[in-house]
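Participant: using only what follows, build the 3D model:
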Amino acid sequence: MPFCTNCGKQVHASASFCANCGAAQPRSAGHPQTEDLLDGISDRTASILCYIPVFGIIPSIVFLASQKFRYKQRVRFNAFQSVYLFVAWLIVSSTGPFFLFGLPFHRSLASLLETLLVICWIFLLVKASHSEQVHLPILGDLAARSTSEQL
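Facilitator: Predicted coordinates:
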């Protein structure tokens, strides 16, 4: 049986913590430590990944579902805001031409709205890379409310 690295008492071979003093114990070679996929991702990197145009929805959902970022308010806000931005982009890209059909230049107007949303994504990505948090007018309020309800 191994001994505690802090107090010297005997601990079980598979114990992660000492029953006597509570100190964390190193893992033995016989018991490989399982690594969490998100262990190497910082809060800043997670926020940046949320704002990758169109494809940022995937890391956003992963970060919202993960235990690591459960209480990281900045990452959760950025993930929620990215999800809401993606939903806005879906609405504009799929229903925009249909609802704007009666207006002159309806296709170019829908394309302009999609382009503005992509520019917004890129702006938020740059701000996240500088560790700055930007609240979009409506989507940011929704994201802040969702973040506060989840904690």
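Participant: any idea how far residue 41 is from residue 119?
Facilitator: 26 Å (CB to CB, to the nearest Å). For every residue, glycine as well, the C-beta is placed using N, CA and C.
Participant: who's more crowded, those two?
Facilitator: When neighbours are counted by other CB atoms under 10 Å, residue 41 and residue 119 differ, and residue 41 comes out ahead with 19 against 11.
Participant: residue ranges with poor pLDDT in this structure?
Facilitator: Within the chain, the stretches with pLDDT under 70 are 1, 28-35, 96-107, 150-151.
Participant: select the longest helix from it.
Facilitator: Across the chain, the longest stretch assigned as helix under DSSP state H is helix 73-99.
Participant: ok, and what's touching stretch 139-151?
Facilitator: Outside stretch 139-151, the residues that touch it by CB atoms under 8 Å, 6 or more residues apart in numbering are 71, 73, 76-78, 80-81, 84-85, 88, 134-136.
Participant: try it again at 6 Å.
Facilitator: Stretch 139-151 is contacted by residues 73, 76, 77, 80, 81, 84, 85 when judged by CB atoms under 6 Å, 6 or more residues apart in numbering.
Participant: could you say which helix or strand holds the closest residue in space to the second one that isn't next to it in sequence?
Facilitator: Counting by CB to CB, 6 or more residues apart in numbering, residue 147 is the residue found nearest to residue 76 once chain neighbours are left out, at 4.8 Å. Residue 147 belongs to helix 139-150 when assigned by DSSP states H and E.
Participant: give me the buried positions along that helix.
Facilitator: If you call a residue buried by 16 or more other CB atoms under 10 Å, then helix 139-150 has these buried ones: 139, 140, 143, 146, 147.
Participant: then it to PDB, C-alphas only?
Facilitator: What follows is helix 139-150, C-alpha atoms only, in PDB (Å, rounded to 0.1, in the frame of the first residue of the first chain):
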ATOM      1  CA  LEU A 139     -29.000  39.000 -28.200                       C
ATOM      2  CA  GLY A 140     -26.600  40.100 -25.400                       C
ATOM      3  CA  ASP A 141     -29.500  40.700 -23.100                       C
ATOM      4  CA  LEU A 142     -30.900  37.200 -23.800                       C
ATOM      5  CA  ALA A 143     -27.500  35.700 -23.200                       C
ATOM      6  CA  ALA A 144     -27.000  37.500 -19.900                       C
ATOM      7  CA  ARG A 145     -30.500  36.400 -18.800                       C
ATOM      8  CA  SER A 146     -29.700  32.800 -19.800                       C
ATOM      9  CA  THR A 147     -26.300  32.900 -18.000                       C
ATOM     10  CA  SER A 148     -27.800  34.100 -14.800                       C
ATOM     11  CA  GLU A 149     -30.600  31.600 -14.900                       C
ATOM     12  CA  GLN A 150     -28.200  28.700 -15.300                       C
END
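Participant: perfect, I'm done here.
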